[in-house]
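**Student:** coords below, sequence missing:
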């Protein structure tokens, strides 16, 4: 299993799948192995196989949020938007603090050119703790809303907050130097 994780982390996805297969031959149906192999298969674009792993896992752990989330990611990649919305709303009902579910809902709405709903869910994701700003700026799922005023406001707000943090840290550092 750990060799699979290492290979996966190093981008050697086919090797990772092979190691996960070996691990599953020793521990058939082990949920962590299924989750990781599903992720590697997803990264390889083998969505049907990845879905099979996630669904096998969900038979054992129906509320496994990571597996449910990954099913939703595949639905987005396949433009199965109504199914993806159901998935993410299920996650939110199970764990209202799971920020990625709100972000992924934003991606669904952005891909459907619904900038108002996309921005609403980005704001909710940020309030829940989503902070992958560099990813947000390059995520192709958000391409349809990048020129919208609401998206620009969210990005502008983020950078204003960062400048305030930097100024505050600099001010605190200068104050502590002056006290010495």
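**Tutor:** It's in. From a predicted model like this one, the values you see are computed outputs, not experimental measurements.
**Student:** Which residues are in contact with the spatially most central residue of the chain?
**Tutor:** In the chain, the centroid-proximal residue (Cα atoms, centre = their mean) is residue 100; its distance is 5.0 Å. Residue 100 sits next to 69, 125, 130 when contact means Cβ atoms under 8 Å, 6 or more residues apart in numbering. Yep, even glycine has a C-beta here, placed from its N, CA and C like the rest.
**Student:** where along the protein do the helices fall?
**Tutor:** With DSSP state H as the criterion, the chain has helices at 2-9, 13-26, 31-43, 47-60, 65-77, 81-94, 99-111, 115-127, 133-138, 149-179.
**Student:** For the second one, buried residues please.
**Tutor:** Neighbour-count burial for helix 13-26, with 16 or more other Cβ atoms under 10 Å as criterion, is recorded at 13, 15-20, 23-24.
**Student:** Switch the helices of the chain over to CSV; also include mean pLDDT.
**Tutor:** Conversion of the helices of the chain to CSV gives the following (pLDDT from 0 to 100):
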stretch, mean pLDDT
helix 2-9, 94
helix 13-26, 97
helix 31-43, 97
helix 47-60, 97
helix 65-77, 96
helix 81-94, 96
helix 99-111, 97
helix 115-127, 96
helix 133-138, 91
helix 149-179, 65
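**Student:** any idea which of those is most buried?
**Tutor:** helix 99-111 (a mean of 24; mean count of other Cβ atoms under 10 Å).
**Student:** That one vs helix 115-127, what angle?
**Tutor:** Angle of helix 99-111 versus helix 115-127, following axes from the mean of the first three to the mean of the last three Cα atoms, to 10 degrees, is 160 degrees.
**Student:** Tell me the one among the buried residues of helix 13-26 nearest to residue 114.
**Tutor:** Relative to residue 114, the closest of these is residue 13; by Cβ to Cβ it sits at 32.7 Å.
**Student:** Relative to residue 145, how far out is the closest one?
**Tutor:** Computed as Cβ to Cβ, to the nearest Å, the residue 13 to residue 145 distance reads 30 Å.
**Student:** Pull up the gap between the residue nearest to the centre of the chain and residue 13, please.
**Tutor:** For residue 100 relative to residue 13 (Cβ to Cβ), the value is 21 Å.
**Student:** Equivalent analysis for residue 73, please.
**Tutor:** 16 Å.
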